[in-house]
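Q: Please find the sequence and the predicted model below.
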Amino acid sequence: MIPQSFIQELLSRVDIVDVVERYVKLKKAGANYVACCPFHSEKTPSFSVSSSKQFYHCFGCGAHGSAIGFVMAYAGLGFVDAVHELASTAGMPVPVQRREDQARKSEDRVSLTDVMARAARYYREQLKRSPRAIAYLKGRGLTGEIAARFGIGYAPDGWQNLEQAFPDYRAPQLLEAGLVVDNEQGRRYDRFRDRVMFPIVDGRGNVIGFGGRVIDAEKAADGTPAGPKYLNSPETPLFEKGRELYGLPQARDSIRAHDTVIVVEGYMDVVALAQHGVGGAVATLGTATTGNHVHKLLRHANRVVFCFDGDAAGRKAAWRALEASLEHIADNKSVAFLFLPPEHDPDSFVRAQGADAFRRLAGQAVPLSDFLLRELRSRGDMGSVEGRSRVLYEAKPLLGRIHAPMLRLQLTRALAEATRVTPAEVESLCELKPLSRAAPAVRTVPRRAPPTISRTLLKIVLQKPGWAPSLPLEQLPDDAEGAALQALCDAVDHGELPAGGIGTVIEYFRAGPHEPLFDEIVAELAAENFDEAAMETVFNDALEQLRRSGLRREIAALNAKERSGGLSPDERQRLMQLLAQKQRLSASASATEL
């Protein structure tokens with residue numbers, strides 16, 4: 001467990017500009033530094049790094065964070081590894097708080113991400129001790145280097161091997177993380193047994209799930225499969241199959257370099273392609289492609305290539321991917337489909353034919369529009385009226401889901417030509433609503449409600465933690481912003497949060513209940529370009545509004561109590577004081593206006 005005080009000291013010793021510049025070439029732009037975002041494909045720089053505030057923000061994809069957060073996101077590291085990486089560059093040894101005396105107690109509080117990280121380390125160690133698992137990976141053409149890059153491990157055969165990594169094997173977090181199963185008799189056993197383990201990593205470098213592949217597909221005495229070929233983690237608070245992609249952190253550099261991401265179906269396909277130099281591949285996690293998958297993919301690259309087997313099952317999966325893509329594709333993005341020969345999957349193809357042959361096929365992948373029209377034509381006899389009517393019927397729900405105006409126009413024209421009608425008739429028959437055109441700017445800018453007093457104060461104190469003691473905490477409203485302000489003031493008051501920019505605050509509240517709110521505030525600050533010169537004036541005005549608001553609330557509460565049951569003498573005296581104070585403030589405000 002790394003002490004919070006060390007994390008704060010580390011962030012005060014490093015400059016986020018220097019950290020980011022080790023990975024991304026920055027260019028000075030006013031008070032900040034800019035570059036093309038390293039986390040998604042773009043041609044115009046929208047990635048900004050602030051030295052004064054010590055945080056980064058991308059106006060394109062919304063990525064933001066501290067120096068530690070950047071190292072986690074860019075290098076695909078977990079929090080602890082990112083701290084060690086950053087500390088090594090600053091020449092700072094990382095201290096560790098010892099917890100042996102309360103090991104059992106702290107085990108109950110350990111986070112699910114810590115549980116998954118420990119399990120991943122255990123599986124990696126077990127791989128080193130299993131000649132059989134190592135021989136299997138070597139037989140698939142993998143080197144130790146690529147296995148280490150993807151964190152591949154091995155779950156030994158046996159029912160309760162994880163007890164070696166988790167002395168409290170009955171801890172509820174193991175079940176919640178999907179690492180164990182409790183049967184109806186209450187007996188607990190490991191979910192993954194005798195399987196090669198592929199850790200699934202999120203954008204921050206945390207292990208959130210596993211995919212396990214059997215080594216021997218048929219090991220039962222009667223020759224029947226002993227279990228599914230692939231076994232994935234169940235849905236957990238960390239892991240949602242419909243949103244995550246295997247291999248994305250490892251593929252990020254190649255995706256940026258080629259502005260293309262290749263989507264395959266299996267873990268071994270991703271790893272085999274990387275082994276042979278095709279690094280921009282990811283895989284869905286035992287589920288059909290979802291709209292969330294497509295949305296995430298198109299944020300990282302302008303071209304997405306779905307790679308499937310050339311058989312009927314592969315074409316069915318490709319059609320599902322096409323349907324998931326329709327609502328997310330844009331006129332400056334492209335989705336294409338690569339169908340391999342029936343005897344191959346990506347793993348076998350790249351081993352047999354090589355990386356160059358695979359890249360050539362990917363370059364010749366069938367565009368979404370061609371695949372869509374080809375599949376529609378195959379569903380009806382284009383030489384008959386009934387067949388052409390069937391094609392138009394099948395096209396109706398598909399065209400209606402496309403929001404890219406130029407793509408929909410081209411598809412409408414192509415479909416009209418194929419079915420011997422006019423484009424206008426296609427639009428009418430398919431009941432296509434006109435795609436909205438950009439209205440004048442004055443109509444498109446939504447009217448935003450003014451920020452609450454507590455939100456304004458939170459934005460300011462986030463940037464100026466030293467101003468926290470000025471806040472009248474007893475007058476803070478009972479809302480999320482008020483609770484976050486209270487927590488921020490407590491941290492400053494106890495000396496746990498030295499002045500060091502927004503980045504230090506982000507890291508202090510990482511994984512805590514206020515983290516989502518602080519993420520929102522940071523994004524707003526980056527977009528608003530908060531005026532430093534006017535900050536003190538805004539702060540004092542907000543304090544005054546807070547005091548007035550608190551005064552009104554207390555007067556209203558006392559008046560309500562008087563109406564319902566009467567006030568005590570002390571309460572009546574307090575009400576008189578408050579009313580006099582309110583009158584003085586009103587007179588002062590009137591004099592100021594004059």
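A: On my side now, so go ahead.

Q: When you work out contacts or count neighbours from here on, use the C-alpha atoms and nothing else.
A: OK.

Q: Find the helix or strand that the nearest residue to Ala468 once chain neighbours are set aside is a member of.
A: Among residues not flanking Ala468 along the chain, Cys489 sits closest, at 5.3 Å (Cα to Cα, 6 or more residues apart in numbering). Here Cys489, judged by DSSP states H and E, is contained in helix 480-493.

Q: How far off centre is that helix?
A: Computed by Cα atoms, centre = their mean, to the nearest Å, the chain-centroid distance of helix 480-493 equals 26 Å.

Q: Using PDB, write out every CA atom in it.
A: Provided in PDB are the C-alpha atoms of helix 480-493 (Å, rounded to 0.1, in the frame of the first residue of the first chain):
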ATOM      1  CA  ALA A 480     -23.000  16.300  -3.700                       C
ATOM      2  CA  GLU A 481     -20.900  19.500  -4.300                       C
ATOM      3  CA  GLY A 482     -21.200  20.500  -0.700                       C
ATOM      4  CA  ALA A 483     -20.000  17.000   0.500                       C
ATOM      5  CA  ALA A 484     -17.100  17.100  -1.900                       C
ATOM      6  CA  LEU A 485     -16.100  20.600  -0.700                       C
ATOM      7  CA  GLN A 486     -16.300  19.300   2.900                       C
ATOM      8  CA  ALA A 487     -14.000  16.400   2.000                       C
ATOM      9  CA  LEU A 488     -11.600  18.700   0.200                       C
ATOM     10  CA  CYS A 489     -11.500  21.100   3.200                       C
ATOM     11  CA  ASP A 490     -10.900  18.300   5.600                       C
ATOM     12  CA  ALA A 491      -8.000  17.000   3.500                       C
ATOM     13  CA  VAL A 492      -6.400  20.500   3.400                       C
ATOM     14  CA  ASP A 493      -7.100  21.000   7.100                       C
END
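
Q: Does anything pack onto the very next helix or strand once past that helix? Which helices or strands?
A: Next in sequence after helix 480-493, counting helices and strands by DSSP H and E, comes helix 502-508. Where contact means 3 or more Cα pairs under 8 Å, 6 or more residues apart in numbering; DSSP states H and E, helix 502-508 is packed against helix 4-13, helix 453-463, helix 515-528.

Q: Mean confidence (pLDDT) on helix 502-508, please.
A: Averaging pLDDT along helix 502-508 gives 79.

Q: Equivalent analysis for stretch 92-99, please.
A: Taken as a whole, stretch 92-99 has a mean pLDDT of 72.

Q: repeat for stretch 274-293
A: 88.

Q: how about it: buried residues?
A: Neighbour counts over stretch 274-293 (16 or more other Cα atoms under 10 Å) mark 274-276, 278-285, 288-291, 293 as buried.

Q: if we can go back for a sec, can you lay out the helices and strands packed on helix 502-508 as TSV showing mean neighbour count and mean pLDDT?
A: Shown next, in TSV, are the helices and strands packed on helix 502-508 (neighbours: other Cα atoms under 10 Å; pLDDT from 0 to 100):
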stretch	mean neighbour count	mean pLDDT
helix 4-13	17	81
helix 453-463	22	82
helix 515-528	16	76
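
Q: And those helices: which comes nearest Arg374?
A: helix 515-528 (43.8 Å; Cα to Cα).

Q: Packing partners of whichever helix or strand comes after that closest one?
A: Downstream of helix 515-528, the first helix or strand assigned by DSSP H and E is helix 535-564. In terms of contacts (3+ Cα pairs under 8 Å, 6+ apart), helix 535-564 is packed against helix 453-463, helix 569-593.

Q: Just give me how far helix 535-564 sits from the chain centre.
A: That offset, for helix 535-564, works out to 39 Å (Cα atoms, centre = their mean).

Q: same deal with stretch 299-317?
A: Centre-to-centre, stretch 299-317 and its host chain are 22 Å apart (Cα atoms, centre = their mean).

Q: just to revisit the earlier point, out of the buried residues of stretch 274-293, which is nearest to Tyr33?
A: Once Cα to Cα is applied, the member of those that ends up nearest Tyr33 is Gly280, at 28.1 Å.

Q: any idea how far Phe518 is from the closest one?
A: 33 Å (Cα to Cα, to the nearest Å).

Q: swap in Ala321?
A: Computed as Cα to Cα, the Ala321 to Phe518 distance reads 35 Å.

Q: any chance of the helices and strands packed on helix 535-564 in JSON lines, with distance to Arg129 too?
A: Output for the helices and strands packed on helix 535-564, formatted as JSON lines (distance: least, Cα to Cα, whole Å):
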{"stretch": "helix 453-463", "distance to Arg129": "49"}
{"stretch": "helix 569-593", "distance to Arg129": "75"}
